[in-house]
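> Generate a structure from the sequence data that follows.
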Amino acid sequence: MRAVVQRVDRCGLIADGQPQGEIEKGLLVLAGFQSSDDEKAMRYMIDKIAGLRIFEDENGHMNLSARDLGLSLYLVPNFTLYGDCRHGRRPGFSAGAPVADAEPMFARFVELARQEAGVPILSGVFQAHMIIDPVLNGPVTLLIDSDKQF
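Have a look, this model is predicted:
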């Protein structure tokens, strides 16, 4: 599983023309899956993301997490995180989980996040055309991989 995590001051999302909600200060999380991902990988990612110490403390140092501050996570499915751009100009997506696998994986990821993250969770809509409107803070953008490749 892979995620792009961005610290936001606000983030709204529209899926297929329908507003889905908005968070104030928190994290926008773009999440991609491969077929081998399991609940262990999902739990690792949830704990890692909710516990990332990327919010400033009273001294201006990044020592606090979304969990510490009770900030929201906006989880958004994004199959392009497994896009391979090494050859040619058209990315290949064969490393990502097929739709039939990825859709229930994303649903389970959201369910587990609601149970275990300890913070409010909003989610995007699987296979919808989404317009995401984040106000990035920092910007702080991190890449996380459950296989710990980076």
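> give me the number of residues near the residue nearest to residue 93 when sequence neighbours are not counted?
Counting by C-beta to C-beta, 6 or more residues apart in numbering, residue 83 is the residue found nearest to residue 93 once chain neighbours are left out, at 5.6 Å. For glycine as for every other residue, the C-beta is placed from the backbone atoms N, C-alpha and C. Residues near residue 83, counting by other C-beta atoms under 10 Å, number 15.
> ok, residue 83 - contacts?
91, 92, 93, 96 (C-beta atoms under 8 Å, 6 or more residues apart in numbering).
> Tell me which entries of those residues lie within strands.
Judged by DSSP state E, the contacts of residue 83 include no members of strands.
> returning to that earlier point: and the residue nearest to residue 93, how far is that from residue 120?
30 Å (C-beta to C-beta, to the nearest Å).
> Tell me the backbone dihedrals of the residue positioned nearest the centre of the chain, please.
In the chain, the centroid-proximal residue (C-alpha atoms, centre = their mean) is residue 29; its distance is 2.1 Å. Residue 29 adopts backbone torsions of phi -120, psi 110, taken as degrees, to the nearest 10.
> ok, it touching residue 73?
Yes: between residue 29 and residue 73 there is a contact at 5.6 Å, judged by C-beta atoms under 8 Å.
> Now for the two: what residues contact both?
Joint contacts of residue 29 and residue 73 (C-beta under 8 Å, 6+ apart) are residue 49.
> which other helices and strands contact the biggest helix by length in the chain?
Scanning the chain for the longest helix, with DSSP state H as the assignment, gives helix 99-116. On a contact count with 3 or more C-beta pairs under 8 Å, 6 or more residues apart in numbering; DSSP states H and E, helix 99-116 meets helix 39-51, strand 72-77, strand 121-123.
> Might you calculate how far that helix sits from the centre of the chain?
Mean C-alpha position of helix 99-116 versus that of the full chain (C-alpha atoms, centre = their mean, to the nearest Å) differs by 12 Å.
> got it, and stretch 35-46?
Using C-alpha atoms, centre = their mean, the offset of stretch 35-46 from its chain centre is 13 Å.
> Give the pairing partners of the longest strand along the chain; include direction for each.
Ordering each strand of the chain by length in residues (DSSP E) puts strand 130-145 first. Taking DSSP bridges as the criterion, strand 130-145 forms sheet pairs with strand 2-15 (antiparallel).
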